[in-house]
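Trainee: Structure of the sequence below:
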Amino acid sequence: MVKGKPRKNDFIVIPSLKNPRVVVPFNNKEITKKINLYKPHGKMGRIYKSIITLGDSFLVKSGIPLISKIRPLRYTDLLENIMSVCKQIFKKNSIQFSIYVGTPGKHQKLVLEISDEFGEKLGYAKIGFNKETVKLIENEIKALNILEKDLGFSNTPKALYCFSGKGVSFSIQKPVDSFYSDNGQLNDIHINFLYNLYSKTYSVDCSEIFIDNIENNLSNLSECINGEILKVLNDATNYIKGNTDTLQYTAVHGDFAPWNIFHSTDKIYVIDWEYFDDKGLIYEDLLHYILQYEILVKKHIEAASLIKLIFENRHINKYSYLVNNVNVKDYLILYLLKMIIYQIQVDGLNKTNLLENRLVQIRIKMLKELLK
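Mentor: Predicted coordinates for the structure are as follows:
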């Protein structure tokens, strides 16, 4: 912890040393004012950000408990290499990083917001240090190239540079132009974006391959799942097998949520394509957007009312018309199955902590309700 007046190399840690999420250079108040990495939706997070963007105000200098000033860790060789690459790409003599340390877990990675000495945002760099995050970063580069070169999308980031080797991967991206963050309220602009993606990538195929994949995952995870939950998952799979012969596929973002979306006047800009799938399911992104915001931000946890909210959503109905498929129930069941399996795999859940995982439990309750 730094005592007294901040020195040239001090960083501000948001929200605290014990739970660091974003590390911002203190010596440049223009960067603290323009920090974009931290996009909180909760009340306390918004308070943190409003204080940090005051720059070198009295609140920051006084070192209130919300803000901690620390000496930065020395840049590793990798970070120095990235800084050198950034100087060449952006043709700048001075580059500064604000660092988002990521959410703990297998998919934790570093995200660098790249700024010049005046605090102007130049781009982002993403760094993966394990096989899971290396794969995610490589997948995002693939996605961005497909979106720009094959599908003609202009409202997504542009890949400027990528490197992968020796168990490390990093990419440098040009940010999208936007005016304000998404507020979690689904509207026609979201539907138009998803339909545009669908219209360029849709296909129809038998459901057998998708269902076989679910069954194989459940078989591999059977020792991690207690009997009651495993029965619900198997019942849901059997329901789909008995009711659906074909499925409609589309490319999907994979984490289509308000915190990955920005707006201009008449369109949205979507970032973070690491979970891109060129053969996902229709409704997948749309359901993810609604449920992630309702559960994680609004703390809406009652299964029956979540299902009712989806079935009665006018934007769901509009999307159903556009893709010529009104079978929302089956695609909701498939989405819930996919997300439960994914979370068990990524979080390394077992029979004990699976029962304590709020997201999994809400999704299991939704499956039970849908199968009544």
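
Trainee: On the three-state scheme, residue 107 is what?
Mentor: When classified by DSSP: H, G, I helix; E, B strand; the rest coil, residue 107 comes out as coil.

Trainee: So it sits against residue 134, correct?
Mentor: No. Between residue 107 and residue 134 there is no contact under CB atoms under 8 Å: 10.9 Å. C-beta here means a position set from N, CA and C on the backbone, and glycine is covered the same way.

Trainee: who has more neighbours, those two?
Mentor: residue 134 (20 against 17; other CB atoms under 10 Å).

Trainee: Let me see the contact set for that one.
Mentor: For residue 134, the contacting residues are 128, 164, 167, 168, 169, by CB atoms under 8 Å, 6 or more residues apart in numbering.

Trainee: So what pairs up with the first one in the strands?
Mentor: According to DSSP bridges, residue 169 are recorded as the beta-bridge partners of residue 128.

Trainee: repeat for the second one
Mentor: For residue 164, the beta-bridge partners under DSSP bridges are residue 169.

Trainee: That one touches residue 138, doesn't it?
Mentor: Yes. Judged on CB under 8 Å, residue 164 makes contact with residue 138 at a distance of 5.9 Å.

Trainee: Let me know how buried residue 99 is, in neighbour terms.
Mentor: 23.

Trainee: brain fart, residue 184
Mentor: Other residues near residue 184 come to 18 when the count uses other CB under 10 Å.

Trainee: Give me the three-state assignment for it.
Mentor: Assigned by three-state DSSP, the conformation of residue 184 is coil.

Trainee: Return the member of the contacts of residue 134 nearest to residue 256.
Mentor: For those, the closest approach to residue 256 (CB to CB) belongs to residue 128, at 21.3 Å.

Trainee: what pLDDT does that closest one get?
Mentor: Residue 128 is assigned 89 on the pLDDT scale.

Trainee: what's near enough to touch it?
Mentor: Applying CB under 8 Å, 6+ apart to residue 128 gives the contacts 109, 134, 135, 136, 137, 168, 169, 170.

Trainee: before we move on, which element is the second one in?
Mentor: Following DSSP states H and E, one finds residue 134 within helix 131-145.

Trainee: repeat for residue 269
Mentor: strand 268-270.

Trainee: gap between that strand and the chain center?
Mentor: 13 Å (CA atoms, centre = their mean, to the nearest Å).

Trainee: Let me know how buried the closest residue to residue 292 other than its chain neighbours is, in neighbour terms.
Mentor: Among residues not flanking residue 292 along the chain, residue 257 sits closest, at 4.5 Å (CB to CB, 6 or more residues apart in numbering). Residue 257 has 22 neighbours, counted by other CB under 10 Å.

Trainee: Mind giving me the packing neighbours of the helix or strand where residue 338 lies?
Mentor: Per DSSP H and E, residue 338 falls inside helix 328-347. In terms of contacts (3 or more CB pairs under 8 Å, 6 or more residues apart in numbering; DSSP states H and E), helix 328-347 is packed against helix 208-220, helix 227-243, strand 277-281, helix 284-292, helix 303-311, helix 358-370.
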